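Novice: based on what follows, work out the 3D shape:
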Amino acid sequence: MRSDLPGGPQRSTGLVDLLDRVLDKGLVIAGDIKVSLAEVELLTIRIRLIVCSIDKAQQIGLDWWRYDKHLAPGSQKGPAENEKLREQVRILQGKVAQMARKPNRAPKGGVPTGGVPKRGR
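Specialist: Numbers count the residues shown, from 1 in each chain. Down below sits the predicted model:
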């Protein structure tokens, strides 16, 4: 790159300084868009944009990417949780099968657990 051109290296240095300052301090852009017809508000869009470094975002409490299961690879509990639920289903299926194999026993009142009363002889 030729350094004798006006606005060459000085301009890029200014841009780097500006970007460094914005990322260090942060920049907030806020705006509202309202769509009205005959003085009746039909639609409101609120736009909030924050541009800052990751360190600055963490300082001000904007670290949502740490807890988002799609963005934070270490926080994915899905496969382990699914396996735990599958194991619980297997245990419950075993208990249901075990209860189905037992014969209906009549409790003290003479009604079997199936819910149909015995007929007299």
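Novice: so A30 bridges to which residues?
Specialist: For A30, the beta-bridge partners under DSSP bridges are R48.
Novice: so how far is K56 from it?
Specialist: Per CB to CB, to the nearest Å, A30 is found 17 Å from K56. Placement of C-beta: from N, CA and C, glycine included.
Novice: how about L15?
Specialist: L15 is 19 Å from K56, by CB to CB.
Novice: pick out whichever of the two has more residues nearby.
Specialist: Comparing L15 with K56 by other CB atoms under 10 Å, the one with more neighbours is K56, at 16 against 10.
Novice: my guess is the more buried one contacts D24. True?
Specialist: Yes - K56 is within contact range of D24, at 6.8 Å (criterion: CB atoms under 8 Å).
Novice: could you give the average pLDDT over the helix ranked longest in the chain?
Specialist: The residue-count maximum for a helix in the chain (DSSP state H) belongs to helix 78-101. The pLDDT scores in helix 78-101 average 90.
Novice: residues making contact with that helix?
Specialist: K69 (CB atoms under 8 Å, 6 or more residues apart in numbering).
Novice: may I have that helix as PDB, with CA atoms only?
Specialist: Only the C-alpha atoms of helix 78-101 are listed here, as PDB (Å, rounded to 0.1, in the frame of the first residue of the first chain):
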ATOM      1  CA  GLY A  78     -29.600 -33.300  26.500                       C
ATOM      2  CA  PRO A  79     -28.000 -36.700  25.900                       C
ATOM      3  CA  ALA A  80     -27.300 -37.400  29.600                       C
ATOM      4  CA  GLU A  81     -30.800 -36.300  30.600                       C
ATOM      5  CA  ASN A  82     -32.400 -38.300  27.800                       C
ATOM      6  CA  GLU A  83     -30.500 -41.400  28.900                       C
ATOM      7  CA  LYS A  84     -31.600 -40.900  32.500                       C
ATOM      8  CA  LEU A  85     -35.300 -40.600  31.400                       C
ATOM      9  CA  ARG A  86     -35.000 -43.700  29.200                       C
ATOM     10  CA  GLU A  87     -33.700 -45.600  32.300                       C
ATOM     11  CA  GLN A  88     -36.700 -44.400  34.300                       C
ATOM     12  CA  VAL A  89     -39.000 -45.500  31.600                       C
ATOM     13  CA  ARG A  90     -37.400 -49.000  31.500                       C
ATOM     14  CA  ILE A  91     -37.800 -49.300  35.300                       C
ATOM     15  CA  LEU A  92     -41.500 -48.300  35.100                       C
ATOM     16  CA  GLN A  93     -42.100 -50.700  32.200                       C
ATOM     17  CA  GLY A  94     -40.600 -53.500  34.200                       C
ATOM     18  CA  LYS A  95     -42.900 -52.700  37.200                       C
ATOM     19  CA  VAL A  96     -46.000 -52.600  35.000                       C
ATOM     20  CA  ALA A  97     -45.100 -55.900  33.400                       C
ATOM     21  CA  GLN A  98     -44.500 -57.400  36.800                       C
ATOM     22  CA  MET A  99     -47.900 -56.200  38.000                       C
ATOM     23  CA  ALA A 100     -49.600 -57.600  34.900                       C
ATOM     24  CA  ARG A 101     -48.100 -61.100  35.600                       C
END
